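Chemist: Sequence and predicted model, in that order:
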Amino acid sequence: MKVVIVGGVAGGATTAARLRRLDEKAEIIMIDKGNHISFANCGLPYYVGDVIKDKKDLLLQTPESFNKRFNIDVRVRQEVIKIEPDEKKIVIKKLDTEEEYEESYDKLVLSPGAEPINPFKNLESKRIKTLRTVEDSIEIKEYINNNDIKDVTIIGGGYIGVEMAENLSYYPNLNITIVQKGSHLINPLDEDMACFVHKELRKRGINLILNNGVEKIEEGEKLEITLENGSLKSEFIILCIGVKPEGEIAKDSELEVSPVNGAINVNKYLETSNSDIYALGDVITTLNSVTENKTYTPLAGPANRQARIVANNIEGKTTSYEGTIGSSILKIFDYDLAMTGLNEKNCESQKIEYKTIIVTPNSHAGYYPGAKLLTIKALYNEETGQIYGAQVWGKEGVDKICDILAVAVKMKMTAYDLEKLELCYAPPFSSAKSPVNILGNSIVNQIEGLVKTVTWSEVKELKKKENICVLDVRTDEEYERGAYEDTIHIPLDDLRDRLENLDKAKEYLVYCRTGLRSYIACRILIQEGFKVQNITGGYYYYSVINNNENK
C-alpha cells in the first residue's frame with residue numbers, strides 16, 4: 001500500500017508514525033511546504049518569551065531523524081497544488097525550484113492545518129507578523145531585539161494572543177496592547193469568567209482595548225491603526241485574529257467542504273467525500289460530542305487522536321472518531337485557565353436549556369500550607385444534572401479539575417456521578433471532599449430543592465422589585481472592607497439570634513465570600529419559613545466581575 005500524507009506536525013507526523021508501527025511494508029510519503037516536518041507549534045510563544053531558550057528544543061523530529069526511525073520518505077519545502085481523485089494522484093511543486101511533478105497514491109491523507117487570518121495582506125511590512133512556524137517566532141524575537149522596539153500591539157485576544165502578551169511582557173520596557181473586537185478575551189470563555197483574565201493582564205501592565213475592532217493599518221513612522229472607535233500607533237503588530245483551515249485544495253478537487261469556513265467535511269471514520277482520501281486536524285469539521293452538531297475545533301489534542309484513527313482505518317482496524325468537546329488550557333502568568341464542553345453562548349445559540357453554578361473551593365486542604373482558591377463555573381441540565389461544560393481558574397490544580405470535568409462532559413455524566421467519584425486525597429493534593437465532589441453536591445442541592453441559586457447579573461434585575469433584599473452574612477471585618485450596595489448585614493453566626501430583623505414577606509438574596517456560608521444561611525432561613533436564594537460565587541466573584549474596565 002502507498003500512502004501519501006499532506007502536512008506534518010501534530011496530525012500528519014503522528015499519522016505516519018502510527019502507520020509505520022502497524023505496517024512495516026507500506027510505502028509512506030509525507031509532504032510539507034514548510035522547513036520542518038514536526039515541531040512544537042504550541043511552544044512558539046514561549047520561545048519568543050525566552051522561556052524556551054534554544055530553538056532546537058522546538059524541533060521534535062527532523063526529516064532525517066524521522067526517516068531513519070520510521071523509514072518514511074519525508075519531503076519538505078514541497079507543496080501539493082492539485083489532487084486528481086479519479087486518477088488517484090497529486091501534483092507537487094518544489095518551492096525552491098518551482099519544478100512540478102506527479103505522485104500516485106492508494107490512500108491520501110490531508111493534514112495541511114490552518115493558516116493565521118490576515119486581513120491586511122495588501123500591506124507588506126516587516127513590522128506586521130503572524131505566528132505559525134518556527135521561522136515566524138525567530139523573526140518576531142529578532143525584530144523586537146534588534147530594533148529597540150518599545151511598543152507592540154497584538155490584534156486578537158484568543159489563546160495565542162494572550163500567550164504572546166504574557167511572553168512579550170518579559171521584555172524590559174516593552175509596552176503591550178491587546179486589541180479585541182469582541183467584548184472579552186478568550187472567545188470560548190463566558191464573559192464573566194473572562195474578567196479574571198482581564199484583571200490579571202491589567203495587573204501585569206498589559207493594555208486591553210475591548211469591543212473595538214481594527215478597520216485598517218497604514219505605514220508611517222509608526223504603524224497607524226484605525227479602530228472602529230479611535231486609533232493608536234504601534235512600532236510592531238502581531239496578528240492573532242484566528243485561523244482559517246487550508247481547505248482550498250480539497251474544494252478545488254470537489255471534495256465536500258463546509259460552506260461556513262471551507263473546512264473539509266469528514267465522516268466518523270475521518271473519510272472525506274472520497275473514501276480513498278482522509279482528512280484530520282485543523283482542516284476539518286467534526287461533531288461536538290455534547291450537541292452532536294458540526295463544529296470547528298483547531299486544537300492539537302484532537303488532531304493527535306484523529307491521526308491514530310486515520311492510520312487505524314487505512315490499515316483496516318475500523319475506528320471511529322466520536323467528536324470533540326474543546327478541552328483546552330493556558331497559562332496566564334501565575335494563574336491557569338482551563339475550559340471544556342459548552343459555554344453559555346453555545347447553549348443559547350443552539351437553544352439548549354441550561355443552568356450555571358460557581359463554586360470556589362480550595363485547591364487542597366485549607367489547613368495544609370499553600371492552598372489556593374479555585375473558581376469553577378459549570379453549565380448543566382437543571383432536570384437531569386448532566387454536565388454540559390466547565391471553566392476553571394486558579395493557581396493550583398486547574399488542569400486536574402478540568403480534566404476530570406472533561407471526562408464528565410465527554411461521558412455525559414451528571415452531578416450525581418460527580419458526587420460519587422472517589423478521587424485521590426492527601427492534604428497536599430486535595431481535600432477529603434474534592435472540588436469536583438463539591439461541585440456535584442452544589443448542583444444536586446439545587447436540583448433537589450435544598451436551595452435556589454441566582455447569579456450576580458440576575459441580582460441586578462431582581463433588585464428592581466420591591467420585595468427583594470440582599471443579605472450579607474460575612475463577618476463584620478469582611479463587610480467593612482467592601483460590600484454589595486444597599487445590603488442588609490447579619491453575620492452567619494448571629495443569624496439565628498437576629499431572625500426578628502428579617503421580614504418573611506420579602507425574599508432574600510444571600511451572599512458570603514464564596515457561597516458556602518451563604519448556603520448554610522439559606523438552609524437556616526428556609527427552615528424558618530423565609531424565601532431565599534443563594535448568590536452563586538459570592539462576593540469574591542462579584543468583586544472580580546464588577547471591577548473590570550471592559551470598555
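Modeler: Cool, got the structure. Numbers count the residues shown, from 1 in each chain.
Chemist: how much space between Asp8 and Ala307?
Modeler: Let me fix one detail, which is that residue 8 is Gly and not Asp. For Gly8, the distance to Ala307 equals 11 Å [Cβ to Cβ, to the nearest Å]. Backbone N, C-alpha and C define where each C-beta goes, glycine included.
Chemist: now do Gln527
Modeler: Distance, Gln527 to Ala307, by Cβ to Cβ: 57 Å.
Chemist: ok, now which ones touch Arg77?
Modeler: By Cβ atoms under 8 Å, 6 or more residues apart in numbering, the residues touching Arg77 are 33-35, 94-96.
Chemist: hmm, back to that, joint contacts of Gly8 and Ala307?
Modeler: Joint contacts of Gly8 and Ala307 (Cβ under 8 Å, 6+ apart) are Ser111.
Chemist: Contacts only, for the spatially closest residue to Leu299 that is not a sequence neighbour.
Modeler: Once flanking residues are discounted, Leu299 sits nearest to Ser328: 6.1 Å by Cβ to Cβ, 6 or more residues apart in numbering. Listed by Cβ under 8 Å, 6+ apart, the contact partners of Ser328 are 159, 188, 299, 338-340.
Chemist: Ser328 and Ile357: what is the separation?
Modeler: From Ser328 over to Ile357 the distance is 21 Å, taken as Cβ to Cβ.
Chemist: Also Gln61?
Modeler: Taking Cβ to Cβ, one finds Gln61 at 45 Å from Ile357.
Chemist: mind showing which ranges of the stretch 301-450 of the chain have poor pLDDT?
Modeler: In the predicted model, the stretch 301-450 of the chain carries no residue with pLDDT under 70.
Chemist: List the contacts of the nearest residue to Ala432 once chain neighbours are set aside.
Modeler: Take Ala432 and drop its neighbours on the chain: the residue closest to it by Cβ to Cβ, 6+ apart is Tyr425, 5.4 Å away. Tyr425 makes contact with 431-432, 434 under the criterion Cβ under 8 Å, 6+ apart.
Chemist: Against Asn437, how distant is Tyr425?
Modeler: With Cβ to Cβ as the criterion, Tyr425 and Asn437 are 10 Å apart.
Chemist: for Gly366, same thing?
Modeler: Taken as Cβ to Cβ, the span from Gly366 to Asn437 is 15 Å.
Chemist: Please apply the same query to Met30.
Modeler: For Met30 relative to Asn437 (Cβ to Cβ), the value is 46 Å.
Chemist: I'd like to know the beta-bridge partner residues of Asn175.
Modeler: For Asn175, the beta-bridge partners under DSSP bridges are Asp151.
Chemist: So for stretch 535-551, mean pLDDT?
Modeler: Averaging pLDDT along stretch 535-551 yields 80.
Chemist: ditto for stretch 158-171
Modeler: Across stretch 158-171, pLDDT averages out at 95.
Chemist: before we move on, what about stretch 261-280?
Modeler: 96.
Chemist: thinking again about what came up before, quick one, phi psi at the residue nearest to Leu299?
Modeler: The phi/psi pair for Ser328 (degrees, to the nearest 10) reads phi -160, psi 160.
Chemist: same check, this time on Val48
Modeler: phi -60, psi -40.
Chemist: Now do the contacts for it.
Modeler: Residues in contact with Val48 (Cβ under 8 Å, 6+ apart) are 131, 137, 140-141, 164, 167-168.
Chemist: Turn those into TSV, including neighbour count.
Modeler: Shown next, in TSV, are the contacts of Val48 (neighbours: other Cβ atoms under 10 Å):
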residue	neighbour count
Leu131	21
Ser137	26
Ile140	24
Lys141	19
Met164	26
Asn167	23
Leu168	23
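Chemist: Out of those, which is nearest to Ile178?
Modeler: The nearest member of the contacts of Val48 to Ile178, counting by Cβ to Cβ, is Met164 at 8.8 Å.
Chemist: before we move on, the earlier item: so which of the contacts of Ser328 is the most crowded?
Modeler: Most neighbours among the contacts of Ser328, by other Cβ atoms under 10 Å: Thr340, with 28 neighbours.
Chemist: helix/strand/coil for that residue?
Modeler: Counting by DSSP: H, G, I helix; E, B strand; the rest coil, the backbone at Thr340 sits in strand.
Chemist: Quick check: the gap between it and Ile401.
Modeler: Noted for Thr340: a distance of 10 Å to Ile401, by Cβ to Cβ.
Chemist: and if you look at Val470?
Modeler: The gap separating Val470 from Ile401 is 30 Å, by Cβ to Cβ.
Chemist: What segments of the stretch 201-350 of the chain are helices?
Modeler: All helices of the stretch 201-350 of the chain, identified by DSSP state H, counting those that start in this stretch, fall at 248-252, 300-314, 344-349.
Chemist: now for the second one, which elements pack on it?
Modeler: Under the contact definition 3 or more Cβ pairs under 8 Å, 6 or more residues apart in numbering; DSSP states H and E, helix 300-314 sits against helix 9-22, strand 107-110, strand 277-279.
Chemist: Taking their axis directions, it and helix 9-22 sit at what angle?
Modeler: 30 degrees (axes from the mean of the first three to the mean of the last three Cα atoms, to 10 degrees).
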